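In: got a structure for you, letters missing:
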């Protein structure tokens, strides 16, 4: 595997863990906190967090397709 492939694999693992795994605990507001922020631009914080990490995952797949996977198929 190329260096770029390793970097993309690590980025995908981090995005998967942060998006739907323990990373949710970083942004999940405490229900007992009166000053907690529950929405960003009218959308729930957890939804924005998950969509952002999903976009990172899509970016990793597109970059891998255009660079790493095409090189493997060609030669």
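Out: That came through fine. Because the structure is a prediction, the values reported are computed rather than measured.
In: quick test: name the residue nearest the centre of the chain.
Out: Most central in the chain under Cα atoms, centre = their mean is residue 53, positioned 2.5 Å from the mean C-alpha point.
In: residues contacting that residue?
Out: Residue 53 sits next to 15-16, 18-20, 23 when contact means Cβ atoms under 8 Å, 6 or more residues apart in numbering. Quick note: C-beta positions are derived from backbone N, CA and C, even for glycine.
In: select only the buried ones of those in ChimeraX?
Out: Of the contacts of residue 53, the buried ones can be selected in ChimeraX as follows, counting by 16 or more other Cβ atoms under 10 Å:
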select :15,16,18,19,23
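In: give me the subset of the contacts of residue 53 lying in helices.
Out: Assigned to helices by DSSP state H, the following of the contacts of residue 53 qualify: 15-16, 18-20.
In: that older thread, take the contacts of residue 53 and write them to TSV, including distance to residue 60.
Out: Below are the contacts of residue 53 laid out as TSV (distance: Cβ to Cβ, whole Å):
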residue	distance to residue 60
15	7
16	10
18	13
19	12
20	15
23	16
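In: the residue nearest to the centre of the chain belongs to a strand?
Out: No. According to DSSP: H, G, I helix; E, B strand; the rest coil, the state of residue 53 is helix, so it is not within a strand.
In: which non-adjacent residue is nearest it?
Out: residue 19 (3.0 Å; Cβ to Cβ, 6 or more residues apart in numbering).
In: so who does the one you found touch?
Out: Per Cβ under 8 Å, 6+ apart, neighbours of residue 19: 49-50, 52-54, 56-57.
In: of those, buried ones?
Out: Judged by 16+ other Cβ under 10 Å, buried ones among those: 49-50, 53, 56-57.
In: looking at those residues, spot the one nearest residue 69.
Out: Nearest to residue 69, judged by Cβ to Cβ, of the buried ones among the contacts of residue 19 is residue 57 at 15.4 Å.
In: wait, doesn't the closest one sit right on residue 12?
Out: Yes. Counting by Cβ atoms under 8 Å, residue 57 touches residue 12, with 6.3 Å between them.
In: which neighbours do these two share?
Out: With contacts taken as Cβ under 8 Å, 6+ apart, residue 57 and residue 12 have no neighbour in common.
In: before I go, just wanted to say thanks for your time.
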